[in-house]
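>>> everything below, folded, please.
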Amino acid sequence: MRRGSYRERAVIVRTYDFGEADRIVVFLTRTRGIVRGVAKGVRRANSRFGSRLQPFVELDVQFYKGRNLESVTEADAVTFFGRLIDDYPRYTAASTVLETAEKVSLGAESEGVYDRVLNALAELNETGVVTPVLDAFLLHIMSDVGWPPSLFDCAQCGAPGPHEVFHAGAGGALCERCRLPGSATPDPETLHLMWQYIHVGAPAAAGQSTARISEAHALTTAFVTFHLERRVQALSKFNEA
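Numbering: from 1, shown residues only. Prediction:
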């Protein structure tokens with residue numbers, strides 16, 4: 001191994017064409033968080049590993065340290081989540097997972113984010129019920145980075161629930177005394193489902209009505225969008241599908 005080089009397990013978050021034949025790749029790595037590198041010549045037809053630098057593939061990547069960007073000198077496929085490519089709901093959900101992970105990665109322990117992403121991609125690759133997997137990931141990742149929604153007690157005064165008011169900006173469930181303008185009024189069982197997503201995962205949606213799953217998704221979307229302080233573009237595309 002060359003001096004200044006290192007290997008990492010990684011998934012690709014985004015890519016940009018650079019120059020005539022190179023590509024800038026944004027990786028989420030297992031132990032170093034977000035790493036930006038340049039893969040030289042990968043857009044040429046005879047590139048040794050250009051075809052491996054694709055989304056929804058877990059890679060074993062060799063990096064060489066650079067001043068502004070790392071050099072990507074080798075990439076071997078470890079796991080290929082092939083079903084995410086051809087199914088649009090799965091594709092947009094998986095893209096949401098990667099985009100959200102990039103946005104929160106500076107505020108969380110890297111290995112935990114990476115493992116959460118890999119688990120979500122694997123679940124999305126296998127399941128036909130996409131929304132609960134996506135929402136469980138989003139609620140987990142927000143909790144991981146210090147923004148857990150309050151789904152039982154009042155997020156403002158701590159009054160014990162369950163409550164029938166939810167406000168994303170206030171942190172989740174609210175009692176009637178703390179209700180804010182623009183609050184939603186979901187069924188308390190919807191908030192309980194969201195709590196189960198965090199503590200049980202996507203299987204909590206088994207037996208739930210489509211309406212309840214949809215209501216939980218709308219609240220999850222509002223919560224994530226507010227606390228990330230920006231729209232997750234892939235999530236918008238998932239919601240439009």
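
>>> now the residue with the largest distance to the centre of the chain: how far from residue 156?
Summary for the chain: using Cα atoms, centre = their mean, the residue whose C-alpha lies farthest from the chain's mean C-alpha position is residue 177, with a distance of 34.0 Å. Residue 177 sits 9 Å away from residue 156, going by Cβ to Cβ, to the nearest Å. Just so you know, the C-beta spots here come from the backbone N, C-alpha and C atoms, and that holds for glycine as well.

>>> got it, and residue 30?
38 Å.

>>> state the helix or strand in which the residue minimising distance to the centre of the chain lies.
Within the chain, one residue has its C-alpha closest to the average C-alpha position: by Cα atoms, centre = their mean, that is residue 97, at 2.4 Å. Using DSSP states H and E, residue 97 falls within helix 88-104.

>>> pLDDT weak spots in this protein?
Counting by pLDDT under 70, the chain contains low-confidence residues at 1-3, 45-47, 50, 106-110.

>>> can you name the next helix or strand after the longest helix out of those in the chain?
Taking residue count as the measure and DSSP state H as the definition, the longest helix of the chain comes out as helix 210-228. Next helix or strand after helix 210-228 toward the C-terminus (DSSP H and E): helix 233-240.

>>> would you state the helices of the protein in chain order?
Shown for the chain, the helices assigned by DSSP H span residues 83-86, 88-104, 110-126, 130-144, 188-199, 210-228, 233-240.

>>> make JSON lines from these and add distance to residue 40 to it.
Converted to JSON lines, the helices of the chain look like this (distance: least, Cβ to Cβ, whole Å):
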{"stretch": "helix 83-86", "distance to residue 40": "26"}
{"stretch": "helix 88-104", "distance to residue 40": "23"}
{"stretch": "helix 110-126", "distance to residue 40": "25"}
{"stretch": "helix 130-144", "distance to residue 40": "33"}
{"stretch": "helix 188-199", "distance to residue 40": "42"}
{"stretch": "helix 210-228", "distance to residue 40": "33"}
{"stretch": "helix 233-240", "distance to residue 40": "28"}
